[in-house]
Structure formats: C-alpha cells, structure tokens
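> Next come a sequence and a model predicted from it.
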Amino acid sequence: MSDLLDRFRAASASADWIFHRPPSTPAAMLRELADHAEANDLAWDRYGERGAVAQLEAEVAELLGKPAAVMFPSGVMAQQATLRAWCDRAGSRRVALPDLSHLVHHEQDGPRRVLGLELEWLTTGRRTATADDLAAVGGRLGAAMVELPLRDAGCLLPSWDELVALSAAARERDVRLHADGARIWESVSYWDRSLAEVAALFDSVYVSLYKGLGGSSGALVVCPDDLAGELRSWRQRMGGTLFSLTAPAVGGLIGLREHLGRFGDYRAWAVELAAALREQGFRTFPDEPHIGTFLAYAPGTADEVNERVVAFVEERGVVACGLWRDGEVPGWVETELTCYEPAIRHDPAEVAGLMAAAVGKSPPGT
C-alpha cells in the first residue's frame, strides 16, 4: 500500500481533482492569509486574546446564537476540555456518546487517559441517537454528546424531530448536551434550519475551521459565558494557549466568507451523484447523502481496485476518486467522497462514469 500511496500522491500532485479541494502549498496559503489580513486590517492576538482571534470568536458566537466562543488550536483539545468542564460541574465523569465517535476512534484514548472521562455508549453502529437512547443510559451523567453528522457512519444526521426530542430529554434530565459540530456548517441545509436554530438545542457546540471551511487548523466551542471562562483555563492547562493563534483565525475568517453559503449546493450535487453512481452499479451510504460527504462501495479488493485507480490518475491526469479500503462486506471496497466546489463544476453523471472507469467497473448490463 505504501508504494501505491506514494504513486498516488506523485500523480495527483499535478492532476485535476474532482473531490475534496486540491492541496494547496504552504506559500499559497500563507499569501492568502497575508492578503486577507492586510485588506481587513487584522491585528495580532496575544495568547488567544484580542485581534483576529477575538473577531473570529465574536462572529462564530453570533452565527450560532451563543453568548461566547473560545478558540482552540485543535478540535481534540476543544472537545475534551468542554466535556471535562461539564463533568466537573455535574460531579460525574460519565459521558454518553456514540461508539463511532471521533473521540473513541481517533484520539488514542485521550478522553479517558488524559482527562479521566468514563465513556458510555449512547448508540452503537451506524445510527444516530434518539431520546430513547439517552433514557437507556442509566445513572448520573456528566454530559452527553452527539456528532453532527456521524462521520464514521457515512455522515449520518438525525431527523429534526429526533434532534429536538433528544434535546428536550437531556434538559428534562438535567444532562448537558454537547454537539461535535466539526461539519455543522455542512449539516444545516439537511434540516433547512439556521446555525443558531441548531445550536439552540445544545449547551455547547464545537466547530472546525478546516473541515468544510478550508482553513489550516483550529476549532472553536460556542457556549455560555461562564463556561467560556472555564474553557480558557482548560486550554491553558492543556498547552493550547499559544503565543499566537492569528494565522488559523484568519483562515477561519476567510472560510466563513468564502464557503458558508455554499454547502447546500454541495449537498444537492452529492445527491445527484449518488443516484448516478447507483446507475453505474456502485452502492452508496446513505442512499441519499445527508451532507456533501458520503460513502461509495464497489466490488473488489483494496489492492486491486487501488492499483487501477492509481494507474487511471497516472494515465488520465484526473483524480476521479481517492483510494479505497476493504469494506465490512467481504469482496467489497469503500471510499469516502466529499463534494465541494471542484466537484460541482462537473456533471454528476460524467463523474460517475469517470469513477467507474477508474475502478475498472463494466457498465451495467454488459
């Protein structure tokens, strides 16, 4: 796989990308940050105070209708600090969350080993949480958390009614409800609701500056004023109050201006693509994507399919899809497709045909 990955990276560096956004260079990104900072007369922050950081925090808090926002260098730190703060208030370290949560699968057991949280499964497998799921977790909870969307389940979202009912159940039980909203920017069009309407269902919401918004790094938590003070203390304890967070803050400001109004278009295009892929013999999950990111499935093994994909990029100069991994069903592979502005410049049916050619699928009926 390492040789294939090296070949894929080398070939894709000069190829046309359909999914995600083509990788930038450090020089290009830094020039964009500098141009925006100069054009808008942005000032330095110092240790997360004042300047571009304060402006970004104010804008994000207003967008999500919360009294305050606190910037962190990473979402991992932001969420662990938030859950620990809620747990300290409640006098319980127990947190209910999906077993497919990012905190469980991608943070090397940090919530438990670093901050002493005790994790309970709110849901297991590919489904989103309901009020009944919260009721099934007995005992005293410090907090409950949902991921919007549940990325490792194919970017699944609950229905609006399910989300409202879950929020009401948490408040009735006096359990603080936190949202992992790394992709919340991309999710609101599914419900046809505003960011503030969604955030109103939660006590705190984490948002990412680079997933969707295209920044270099960084995250924020929107929350009540009093929790914001606690989060700033936790940020410092965890080594996240850096001398300056200006660069990622400027990237976040750029992302809000350039991308915030476009995610509904990305989702609509993804829905058309998923239908076109099924006509080509692929499978998709969900059938109708909830955001502009979803999973696609094809027959084969990862080694054989990826060899064909890499050869396609080398020969055609087009990255029609990323690399594939073996799926849960033997004999099938899966990949994640993320539809942003490079994708929607194309006809969905044409892209489905390119993907079929890249993985070596025969047209249906042949």
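Happy to help now that I have it.

> Give me the secondary structure label for the spatially closest residue to residue 40 that is not a sequence neighbour.
Setting aside the residues directly before and after it, residue 40 is nearest to residue 253 in space (CB to CB, 6 or more residues apart in numbering), at 7.6 Å. For every residue, glycine as well, the C-beta is placed using N, CA and C. Three-state assignment for residue 253 (DSSP: H, G, I helix; E, B strand; the rest coil): helix.

> Could you list which residues are in contact with residue 253?
When the contact criterion is CB atoms under 8 Å, 6 or more residues apart in numbering, the partners of residue 253 are 36, 40, 42, 52, 55, 56, 59.

> which SS state does the third one fall under?
Meaning residue 42. When the structure is split into helix, strand and coil by three-state DSSP, residue 42 lands in coil.

> pretty sure it contacts residue 252?
No: proximity of residue 42 to residue 252 does not meet the contact threshold set by CB atoms under 8 Å, at 11.5 Å.

> Comparing those two, which residue is more hemmed in?
Between residue 42 and residue 252, counted using other CB atoms under 10 Å, the more crowded position is residue 252 (31 against 19).

> so what's the more buried one up against?
Residues counted as contacts of residue 252 (CB under 8 Å, 6+ apart) are 56, 60, 209, 213, 215, 218, 220.

> run the last query once more with 6 Å
Taking CB atoms under 6 Å, 6 or more residues apart in numbering as the contact definition, residue 252 lies against 56, 209, 215, 218.

> which ones are touching the second one?
If I follow you right, that is residue 209. Remark: with contacts taken as CB under 6 Å, 6+ apart, residue 209 is in contact with 215, 218, 248, 252.

> Show me which of these is closest to residue 313.
Proximity of the contacts of residue 209 to residue 313 was ranked by CB to CB; the top entry is residue 215 with 26.7 Å.

> Now that closest one. Nearest residue, chain neighbours left out?
Leaving out its chain neighbours, residue 215 is closest to residue 251 (CB to CB, 6+ apart), at 3.2 Å.

> The one you found: neighbour count?
Neighbour count for residue 251, taken as other CB under 10 Å: 24.

> ok, it to residue 37 distance?
Computed as CB to CB, to the nearest Å, the residue 251 to residue 37 distance reads 10 Å.

> now do residue 192
Applying CB to CB, one obtains 35 Å for the distance of residue 192 from residue 37.

> So these two - more neighbours on which side?
Using other CB under 10 Å, the more surrounded residue of residue 192 and residue 37 is residue 37, with 20 against 9.

> Which secondary structure element is home to that one?
Assigned by DSSP states H and E, residue 37 belongs to helix 26-39.

> Centre of the chain to that helix, how far?
Computed by CA atoms, centre = their mean, to the nearest Å, the separation of helix 26-39 from the middle of its chain amounts to 24 Å.

> ok and the helix or strand that that helix is followed by relative to helix 26-39, angle-wise?
Sequence-wise, the next helix or strand downstream of helix 26-39 (DSSP H and E) is helix 51-63. An angle of 80 degrees separates the directions of helix 51-63 and helix 26-39 when computed by axes from the mean of the first three to the mean of the last three CA atoms, to 10 degrees.
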